[in-house]
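**Q** below is the sequence, then the predicted model.
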Amino acid sequence: MTQETAGEGNANENKDLGKEPETAAPEAVEQVATPSPESLVEEWKNRAAYLAAEMDNMRKRFVRDRADVIKSANEDLLKGILPVYDNLFLALRSIRESTERKEARGDAGPAEKLFDNLLKGVEMTFNHFEQTLDRVGVKAVDALGKEFDPQIHEAVGQSSDTNFAENAVTAELQRGFVLHGRLLRAARVIVNKVTQS
């Protein structure tokens, strides 16, 4: 055999190796089932419904997260304003106590009318302050006479008053507040500890 003949033989063998048998191709085509148009439509409908539900869940989650951010966005500002509230509250309490003492003594003079007008002005300012806090979602913690709750109360002292139940709040030194149900500042309170003899 010459080199040309041997080369042609190798080339023919290489060509034959690259080809699949003609009988194998029809069998492979028969094994692959083509989906019906109805099943393709159903599959696309299912995918579209899934994606629509997923988008709706994302939208709801976004709305909920945005609402939470808005609710708590002013928390630092409100914490800064609460000392102003405390000062107004203490000023009013002091004025009222002073007025009660003067009325008990029977003191009356020309300055009383000015004093009464000042008291009314401070009361109006304080009431407006409370309404504004309420409007933005800030609510005062109800403490006096209630059972001590470490979640919303901060105990700063004890008393032993028989007029109150054991573990009840007998005095409120500083009001506590919640913002949309979340604690903004704990109420500073005196807790009753009745000693048993």
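**A** Received it, and whenever you're ready, just let me know what you need. Residues are numbered from 1 along each chain as shown.
**Q** tell me if I am right that T162 is in a strand.
**A** No. Read with DSSP: H, G, I helix; E, B strand; the rest coil, T162 is coil and lies in no strand.
**Q** once you drop chain neighbours, what's closest to it?
**A** Distance criterion CB to CB, 6 or more residues apart in numbering; nearest residue to T162, sequence neighbours excluded, is V194 at 6.5 Å. Bear in mind the C-beta positions are built from the backbone N, C-alpha and C, glycine included.
**Q** report the secondary structure state of the one you found.
**A** V194 is classified as coil under three-state DSSP.
**Q** what sits against R182?
**A** R182 sits next to S72 when contact means CB atoms under 8 Å, 6 or more residues apart in numbering.
**Q** that one bridge partners, please.
**A** R182 has these beta-bridge partners by DSSP bridges: L179.
**Q** ok, it to A168 distance?
**A** 25 Å (CB to CB, to the nearest Å).
**Q** just how off-centre is the longest helix that the chain contains within its chain?
**A** Counting residues, the longest helix found in the chain (DSSP state H) is helix 37-73. Centre-to-centre, helix 37-73 and its host chain are 22 Å apart (CA atoms, centre = their mean, to the nearest Å).
**Q** with stretch 122-133 instead?
**A** On the basis of CA atoms, centre = their mean, stretch 122-133 sits 26 Å off its chain's mean C-alpha point.
**Q** all strands of the protein, in order?
**A** Counting by DSSP state E, one finds strands in the chain at the ranges 138-140, 153-159, 169-174, 177-179, 182-185, 187-192.
**Q** which elements pack onto the third one?
**A** When contacts are defined as 3 or more CB pairs under 8 Å, 6 or more residues apart in numbering; DSSP states H and E, strand 169-174 packs onto strand 153-159, strand 187-192.
**Q** list the buried residues for it?
**A** By neighbour count on 16 or more other CB atoms under 10 Å, the buried set for strand 169-174 is 169-172, 174.
**Q** give me the residues contacting it.
**A** By CB under 8 Å, 6+ apart, the residues outside strand 169-174 that reach it are 86, 143-148, 153, 156-157, 159, 161, 164, 185, 187-192.
**Q** distance between the ends of stretch 184-194?
**A** 30 Å (CA to CA, to the nearest Å).
**Q** buried ones in it?
**A** For stretch 184-194, using 16+ other CB under 10 Å, the buried residues are 184-192.
**Q** quick check: mean pLDDT of it?
**A** The average pLDDT within stretch 184-194 is 91.
**Q** need the contact partners of that stretch.
**A** 75, 78-79, 82, 138, 141, 143, 148, 152-162, 164-178.
**Q** how far does it sit from the chain's center?
**A** 25 Å.
**Q** which ones are touching L92?
**A** Contacts of L92 (CB under 8 Å, 6+ apart): 119, 122-123, 126.
**Q** list buried residues within those residues.
**A** Buried residues within the contacts of L92, counting neighbours by 16+ other CB under 10 Å: L119.
**Q** out of the contacts of L92, which sit inside helices?
**A** 119, 122-123, 126.
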